[in-house]
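Chemist: Next come a sequence and a model predicted from it.
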Amino acid sequence: MKMRLMVDQDLRGKRVLIREDLNVPLAGDRVASDARIRAAVPTVRHAIDAGAALILMSHLGRPTEGESSPDLSLQPVADRLAELIDHPVRLVSRWQQGLEVVPGEVVLLENVRFNRGEKANDERLARAYAELCDVFVMDAFGTAHRAQASTHGVALYAPIACAGPLLAGELTALDRALSSPQSPVAAIVGGSKVSTKLLVLETLAERVDQLIVGGGIANTFLAAAGKPVGKSLCEIDLIPAAQALMRKTNIPLPTDVIVAHEFAKTSQAQIKSVDQVLPEEMILDIGPESAAAIEKIIAQMGTIIWNGPLGVFEFDQFAQGTRRLAEAIGRSRGFSIAGGGDTLAAVEKYQVGEQISYISTGGGAFLEYVEGKPLPAVEVLINRTV
């Protein structure tokens, strides 16, 4: 995958515009989890050390496009980034009226989704971004699957468009896990619905030796195997698709589960065999026997791809399956890559980040890359090198 790289560019004295993915959860006026900000820090420091006049941009949340929302301002992100890099970060809202940035300075543009035309990849907006810079750097893998003004359009019109270290690293790690993996290969796919991840499940079924499903997805597979799932989240209409996948590859299903009568933080958890789930119960995690079986599988793998939790890990009584999976991946000697918002939260909760080979900041982009779909913001960088 040939494209220009930021690390190969002479940035001294240049206006460098970097699209990062700083879409982080907020708790009032502070950042609740800074994982994505910390992931961007090496790119930011490289630009500062290279003598660039640095401009950053990102989206945050889902505001009504074209309207400013104080609750979704990037000011808390600017404050946290300034702490992490020990350097002032100036937030700018009215950049379209003119923006002066000098070498050594760091500016963060206000939430790109406050700009009308962002999602539609409006040419006028894309050109306005491009006019801010001498070099555009796409470093936001998490938004690479979107053809928007700040991810795709700007790369068409900037004098130079290149990939940042974070984006390049993501693509290299994914290529290693998908195109040239060390065998055997396991993929763990969790989440609420099969329908949202059917394509990725079908793609992985052709590539991996073990396909482990969790969360609501596992309930649909249990139902497909003839097991009772009570009032658990389950997509009955996708049972034929689940059965087809089970015929295609090895999908080990839970033998025991954690159930409760309601989805609540105060619910009482009970361990049951998968054959004993009652109509009034819902499955909210895998049981200890199933977790032990997954630990054994993970220990034997040469490559591990992880996207999604095995249960409702936000509630401690339903978190043991996800915790044991995270710790097993952390102990593994194989190459491991973890991606997706809930996965990042689990990695952070169980403090296994340093033991995982690569942590992808992407959610939708991670899944679309695994599915084999082209990523528009990557394709434009490739085309700019031709």
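Modeler: On my side now, so go ahead.
Chemist: Helices of the stretch 201-350 of the chain, start to end?
Modeler: 215-224, 239-248, 288-299, 320-331, 341-349 (DSSP state H, counting those that start in this stretch).
Chemist: Would you tell me which one of these is buried the most?
Modeler: Burial of the helices of the stretch 201-350 of the chain is given as mean neighbour count (mean count of other Cβ atoms under 10 Å); helix 215-224 ranks first at a mean of 25. Quick note: C-beta positions are derived from backbone N, CA and C, even for glycine.
Chemist: which other helices and strands contact the least confident helix or strand in the chain by mean pLDDT?
Modeler: Sorted by mean pLDDT, DSSP states H and E, the helices and strands of the chain end with helix 364-371, the least confident at a mean of 84. If contacts are counted by 3 or more Cβ pairs under 8 Å, 6 or more residues apart in numbering; DSSP states H and E, helix 364-371 sits against helix 165-178, helix 198-205, strand 303-307.
Chemist: Swap in 10 Å and give it another go.
Modeler: helix 165-178, strand 185-189, helix 198-205, strand 303-307, strand 335-339, helix 341-349, helix 376-384 (3 or more Cβ pairs under 10 Å, 6 or more residues apart in numbering; DSSP states H and E).
Chemist: Could you count how many residues lie near Ala264?
Modeler: Ala264 has 11 neighbouring residues, counting by other Cβ atoms under 10 Å.
Chemist: cool, Leu201 as well?
Modeler: Neighbours of Leu201 using other Cβ under 10 Å come to 23.
Chemist: Next, the contact list for it, please.
Modeler: 187, 189, 194, 211, 213, 217, 221, 241-242, 245, 248-249, 251, 370-371 (Cβ atoms under 10 Å, 6 or more residues apart in numbering).
Chemist: Tell me where the model's unsure across this structure.
Modeler: For the chain, the stretches with pLDDT under 70 are 1, 386.
Chemist: Would you map out the domains in it?
Modeler: 6-165+375-384, 183-333 (automatic domain parsing).
Chemist: Redo the ones you listed as JSON lines? Include distance to Gly362.
Modeler: Below are the domains of the chain laid out as JSON lines (distance: least, Cβ to Cβ, whole Å):
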{"stretch": "domain 6-165+375-384", "distance to Gly362": "4"}
{"stretch": "domain 183-333", "distance to Gly362": "10"}
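Chemist: Select, out of those, the one closest to Ser357.
Modeler: domain 183-333 (8.5 Å; Cβ to Cβ).
Chemist: just how off-centre is the closest one within its chain?
Modeler: Its chain's C-alpha centre and that of domain 183-333 lie 19 Å apart, by Cα atoms, centre = their mean, to the nearest Å.
Chemist: Same list (the helices of the stretch 201-350 of the chain) but as JSON lines, adding distance to Glu100.
Modeler: Shown next, in JSON lines, are the helices of the stretch 201-350 of the chain (distance: least, Cβ to Cβ, whole Å):
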{"stretch": "helix 215-224", "distance to Glu100": "49"}
{"stretch": "helix 239-248", "distance to Glu100": "56"}
{"stretch": "helix 288-299", "distance to Glu100": "53"}
{"stretch": "helix 320-331", "distance to Glu100": "46"}
{"stretch": "helix 341-349", "distance to Glu100": "36"}
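Chemist: Those: which one's closest to Ser183?
Modeler: That would be, of the helices of the stretch 201-350 of the chain and by Cβ to Cβ, helix 288-299, which comes in at 13.6 Å.
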